Every structure is written in structure tokens, then in C-alpha cells.
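*Asks:* coords please:
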Amino acid sequence: MSLGLNRQHVSVLDEPDLPDGMQAVWPEAIVAQHVKAYVQRHDVQAVRAFMAETLLLCETLHCISQVLTFDAGGVSGHPNHISTYRGVMHWASNERTLRSSTATSTSVQQQALGHQPDSFALREANTIPVWTLASVPLLRKYAGVLDLLVSVPLEAGFGLGIDALRVPLALPGYAGNTPVGATLLLTHTDLGAVHNAMVAHWSQYVWFRRLFVVFSRYSSLNSLQRQA
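*Replies:* As a prediction, the model looks like this:
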């Protein structure tokens, strides 16, 4: 596929409760249910539990180490985008509660055996980080790469109090060590790859999306904030 994804790891939903459209607000619980089912099929912790091997297995089995979604603004304000954010956060909240209780039980058992594990570290190790794509004002949205002049000072903590600015080459294996609330500024200069990905969805590649690929800062610059 255009972005290097394996077709076996792409799920297309045909869900009556999740219709496409500007008037459709999706139920959080339904979205969370689908997110949970997909993550469980590719979960690092599930692989650990059933195979008791190292994380090297995940490179072969394509385990999920991060979850990325829209933020509360949905980038464009589209209700489907916003519903996706709310559903993912609903799943993340439930997942954190479940895994935290499991880690606490493990901690109690190990303490009974004479070990002294770090309970907080256990909880964090059992949590899949959730990142949201930051929505920006209209002028910044179509400033292209020039928005870098605004993003760097703002997301470095000048005025907004965001914890950190990072420009990693790749998110997996890096972002898991970044604290909740921190921001990663991801840069990408290959507009051709963006165009090719959109061409793969030709029926959706209408004139305004062509302009979006050329002028939008999202084609080359994306700010992700860790939410959970």
C-alpha cells in the first residue's frame, strides 16, 4: 500500500452505528469497542502473556505500541473526527483502569514474595500511550511549512506551558518514554508520498483536498500531544 502498510493490518468498518457525515455523532462506547477489539489482536501485553518472549517478537507480529487519533477539535471540526477522539479516550480510560488494577495485583503478589516493585512503573509499562493530532487555527493550518516558525516557540513551552518539544525520526520506540502532556513535533518533507496516498483514495481526492495537500501544514508538519 502507498504508506507501506500491510493490508492484513488495515480494518475497514461497515458499522451502521458509525455512519459517515457531518450530522453523525458516533456513540463513544461503540468506537471504544472497535478500538479495543483491534488493539487486543495486536497487543504487546497479549503477546507477552501467551508467548512469554521478548519485545523482539513484536517486530514480526506487528504489535501496537502507540495509538494516534484526532484531538477534541478534530482538526477540521468534523463530528466523525471528534467522535473518534472521544471514543479512543473512552477506551484509553477503561484500559488504564483495567491495566492499573492488574499491575497493582501483580505488585501486591510480588511484595508478598519479598520483592519491592515500583507500582507506578508497572502501571506505565502496561499502558499503551495515546497521542492526539493537534488542531490549529485556520491561518496556521494553511501556512504550510512556515508554521514551523510558530510551532517551535509555542510548543517549546513559551506561553502555552507544554512540557517538551521533540523532533524524532520515528515515533515507535521513542514516544513511549515521553510524559503525558508532552508534545512531539513531527516533520515530513515528501509531499509526493502524501499525494500518492491520497491518489489511492481517488474518489475522495476532490479539488479542495488537492489544495490541502499542497498548502496545509499537516502535509509536512504535525504536532502530537500525549494524552494517556
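*Asks:* contacting residues for the closest residue to residue 210 other than its chain neighbours?
*Replies:* Spatially, and ignoring its direct neighbours in sequence, residue 210 is nearest to residue 198 (7.9 Å; C-beta to C-beta, 6 or more residues apart in numbering). Using the backbone N, CA and C atoms, a C-beta is placed for each residue, glycine as well. Under the criterion of C-beta atoms under 8 Å, 6 or more residues apart in numbering, the neighbours of residue 198 are 204, 205, 209, 210, 213.
*Asks:* now residue 198: which helix or strand?
*Replies:* Assigned by DSSP states H and E, residue 198 belongs to helix 191-199.
*Asks:* and that helix, which residues are buried?
*Replies:* Residues of helix 191-199 classed as buried: 194, 198 (neighbour count, 16 or more other C-beta atoms under 10 Å).
*Asks:* helix or strand right after it?
*Replies:* helix 207-215.
*Asks:* run through who's touching that following helix.
*Replies:* For helix 207-215, using C-beta under 8 Å, 6+ apart, the contacting residues are 142, 144, 191, 194, 195, 198, 218, 219.
*Asks:* with pLDDT and distance to residue 226 added, can I get these in JSON lines?
*Replies:* JSON lines is the format used below for these (pLDDT from 0 to 100; distance: C-beta to C-beta, whole Å):
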{"residue": "142", "pLDDT": "94", "distance to residue 226": "26"}
{"residue": "144", "pLDDT": "90", "distance to residue 226": "25"}
{"residue": "191", "pLDDT": "81", "distance to residue 226": "27"}
{"residue": "194", "pLDDT": "85", "distance to residue 226": "24"}
{"residue": "195", "pLDDT": "85", "distance to residue 226": "29"}
{"residue": "198", "pLDDT": "87", "distance to residue 226": "28"}
{"residue": "218", "pLDDT": "93", "distance to residue 226": "19"}
{"residue": "219", "pLDDT": "90", "distance to residue 226": "23"}
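*Asks:* using a markdown table, please lay out the residues you listed together with distance to residue 80.
*Replies:* A markdown table is the format used below for the contacts of helix 207-215 (distance: C-beta to C-beta, whole Å):
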| residue | distance to residue 80 |
| --- | --- |
| 142 | 22 |
| 144 | 25 |
| 191 | 25 |
| 194 | 21 |
| 195 | 23 |
| 198 | 18 |
| 218 | 17 |
| 219 | 21 |
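*Asks:* still on that earlier bit, can I get the CA coordinates of the helix holding residue 198 in PDB?
*Replies:* Taking Å, rounded to 0.1, in the frame of the first residue of the first chain, the C-alpha atoms of helix 191-199 are listed here in PDB:
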ATOM      1  CA  LEU A 191       4.800  15.800  -0.400                       C
ATOM      2  CA  GLY A 192       4.900  13.200  -3.200                       C
ATOM      3  CA  ALA A 193       4.200  10.500  -0.700                       C
ATOM      4  CA  VAL A 194       1.200  12.400   0.700                       C
ATOM      5  CA  HIS A 195      -0.100  12.900  -2.900                       C
ATOM      6  CA  ASN A 196       0.300   9.200  -3.700                       C
ATOM      7  CA  ALA A 197      -1.500   8.200  -0.500                       C
ATOM      8  CA  MET A 198      -4.500  10.400  -1.500                       C
ATOM      9  CA  VAL A 199      -4.500   9.100  -5.100                       C
END
